[in-house]
Structure formats: C-alpha cells, structure tokens
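Undergrad: here's a sequence, model it:
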Amino acid sequence: MNRSFFITVLLLLSLNKAFSQISFIFLADAYGRSIDGVGNFQIQNFMAQAMAGQVTISIRENTSKTQVVSIVSPVFTVNPGNNSFPLNAFAGSKFNFSGNSLAAIVSQTRNFPPGEYTYCFRFLPIDKTDDYENCFDASIQPLVPISLINPADQDKICQKRPPLSWLPPVPFPPSMRFRLQLTEKRQGASVENLLMNTPLILLDNIPSTTVNYPSFAADLKEGSTYCWQVIAYQNGVILSRSEIWEFTVQCSDPVKPGLNDSYRELKNLVNGNYYYATRALKFSFQNNYAIKKLSYEIYETENGSNKIKNTPDVLITRGFNKIDIDLTDLNLTEGKHYILKVYPFNEPDVIVRFVYQENDPTN
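TA: Have a look, this model is predicted:
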C-alpha cells in the first residue's frame, strides 16, 4: 500500500511538472475582439532549454456552442523565460474557419461579433509527445451599439405614420441587415416584455438605417404610447440591439416664441411637439464645462431622415449661452419638419423638433 501511494505521488508530481513547463498569457477582454488581436499573447517557458514547436489556437462561441476558427502556427522556437509570439509566425499561420455563419462573419470582417468566447492556446513540441494548453474566456460586447434617432425617446409627436430612423453600430459592413419591431404600450406592462408579443409592425431584412411607416400598417392612435427597437444582424447572427424607446402620439399646438421669449431654454423646447424656427434656431443653453464648441446635428424627418450637411459652427462659453444657429444657407424647405439633436458634454442628448419658416408665423 505504501509503495502504491509513493508511485502515485511521483506520477502526480511528474504530471504537474510536465504541464507547468509551458504557459500562456493572453488578455482576452482586450485582444479577443479581432482575429489580429488573438496573435497578441506571450508564452512562458519554465525550462532551462529552448523548445521548438507549433501553437494551435482554438476559438469557440459558448452561447451558441459554435466552433469559430482553428489557427495553426508554423514551427518556431520558444526560449527560456517570457516570449512574445512572433508576428511573422502569426502572419504565416494557417487559419481554418468553420463552415457556419458566425465563422463566415469573422472570416470576412476579422472581428468577433458580440458573444461569450473561449480561446484555447496549445503548444505542441516537435520532439516530444507532451502538449501544453491554457484557455481564456471573454465576453465580447459591441463597441458602438445601434442608436435610435426618430421618434426620440419619451417624445410626443403628431404623426400617425412617422418615419423611423437610427444610427447603425460600428463597424457597419454592407451585408448587415436590420429588423424593426414596434408595438403599443399597455398600462402596467413591462417594456422588456412588450416586444416578446406579436408587434404591430415587424420589418425584416432592412438594408438602410431609415424606413417610412409601412403602407400595410394601420395608423397609430391619438393618445397611445408605442415602443420600438431595432436589431442588427449579419448572415443570421445578431450583432447588436438598440435600447427600447417609447413615444406618444399627441397632437398639440406648436411652440411659438413670443416677442420677449425668443430664447427658450433648450430643455423646455423638448416638452413641445415642435416649434417654428424663423430663419434661425434660437435657444438658451447652460454649458457647465469648458467646452468651446456646441456639438449638434440637424436631420430631416422626411426623405429618410437625412442629415443636413454644412451646418455652421457654434462657439459657446462656460455658463449661460444664447444660441443662434443660422439656417438660411442650409437649403431647408419652408414648412418642413426637422430635428435638432444637441449633444451636451457628459449629459443626455437633447432632441427638438422644429418647422422651418422664412417669415415669422406669429405675424
């Protein structure tokens, strides 16, 4: 019995020594986002002599249980101590992508879509039968998710067939498609569960970032609140989901600046359905930071929510500002609806709807 115990201990010690001779260091959260990043790892050789061999990298997405790619390096030498994986060895490696849609995306874009991944690194010496492996896990999230634009969150609009628009995730490959869902919000219902039910509108395979209200759908109802969300996917794999925004159909009178009220506070303009901008956008704005230039954009609400180009720079100072944005050189159409989107530093975005006028409608 004692002899058997002694042999077992020796075997365990020898196995532990074998498996600790080569070790990998890989920062999966930092470098696991792309194929090129996977080559940024180090190898620790705890032996006194150099070893020649190959590295095999196997990458798997765990949620879908999908094998993505296997990378086999050429033979190279690992010296005692810490070794950075040679760039020429990674460039000369053989990349074997699996035959599934997720692997096709990675092969085309060189980036890993959002998911839960495991990266396994194995060193195979050319003159020994032992191999050494370490695995690392990472949760890959989209760097820039979808951002909804119109209708804005918590907005009140007077359009019963509104256009809907959003900004795509980045990167935005040409083969990306979008799915849009819109449904009525019922009192007491959880927003997250609303879109699990049959939506009022479900549009799929959308190639652009804006859609007109579909002709087959019934008009939205006055006084009702609606929720909507956009999903981006490629080759059947979901890449990004927007937040769920809600808006209410409520036709109210436009905000008309009075004679002594031409500079309404920006946040108060949000409470109106829209307001008249006579040749210029006028509002007051509190800048709490040392920002010298106002960050803003103007969009059409018709014709696919196109962004207006060549908007003038607006310089601001710290504290209270009265803003005048000259609209006369932007080729805006009188009577048309537009959106002003302001991006205050370190504060939520502000979206204001306005109607462009050449002459003061209050006269």
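
Undergrad: gap between the residue nearest the centre of the chain and Leu330?
TA: Taking Cα atoms, centre = their mean, the centroid of the chain lies closest to Pro145, which sits 1.6 Å from it. Per Cβ to Cβ, to the nearest Å, Pro145 is found 29 Å from Leu330. Every C-beta, even on glycine, is put in place using the N, C-alpha and C of the backbone.

Undergrad: ok, back up a step: just checking, the residue nearest to the centre of the chain touches Leu167?
TA: No - if you go by Cβ atoms under 8 Å, Pro145 and Leu167 don't touch, sitting 9.3 Å apart.

Undergrad: which residue ranges of the stretch 251-363 of the chain form strands?
TA: Counting by DSSP state E, counting those that start in this stretch, the stretch 251-363 of the chain has strands at residues 264-265, 275-278, 280-287, 296-300, 319-326, 337-342, 350-357.

Undergrad: now the second one: average pLDDT?
TA: Here the mean pLDDT over strand 275-278 is 82, rounded to a whole number.

Undergrad: so how far is that strand from its chain's centroid?
TA: Put simply, strand 275-278 sits 34 Å off its chain's centre (Cα atoms, centre = their mean, to the nearest Å).

Undergrad: check which helices and strands that strand sits against.
TA: On a contact count with 3 or more Cβ pairs under 8 Å, 6 or more residues apart in numbering; DSSP states H and E, strand 275-278 meets strand 350-357.

Undergrad: contacting residues around the strand it packs on?
TA: Strand 350-357 is contacted by residues 150, 152, 155, 157, 254, 266-267, 269-270, 272-279, 281, 283, 301, 327, 332-342, 344 when judged by Cβ atoms under 8 Å, 6 or more residues apart in numbering.

Undergrad: are we agreed that Trp36 is in a helix?
TA: Wrong residue type there; residue 36 is Asp, not Trp. Yes - the assignment for Asp36, made by DSSP: H, G, I helix; E, B strand; the rest coil, places it in a helix.

Undergrad: now find how far off-centre the helix or strand Arg60 falls within is within its chain.
TA: Using DSSP states H and E, Arg60 falls within strand 51-61. Here strand 51-61 is found 30 Å from its chain centre; the criterion is Cα atoms, centre = their mean.

Undergrad: ok, now stretch 108-126?
TA: With Cα atoms, centre = their mean, you get 22 Å for stretch 108-126.

Undergrad: just the terminal-to-terminal distance for that stretch.
TA: 32 Å (Cα to Cα, to the nearest Å).

Undergrad: my guess is Ala152 contacts Trp245, does it?
TA: Yes - using Cβ under 8 Å, Ala152 is in contact with Trp245, at 7.2 Å.

Undergrad: which stretches of the stretch 251-363 of the chain have low pLDDT?
TA: Along the stretch 251-363 of the chain, segments meeting pLDDT under 70 span 252-262, 268, 270-274, 302-305, 360-363.

Undergrad: try the stretch 51-200 of the chain
TA: Scanning the stretch 51-200 of the chain for pLDDT under 70 picks out 129, 188-197.
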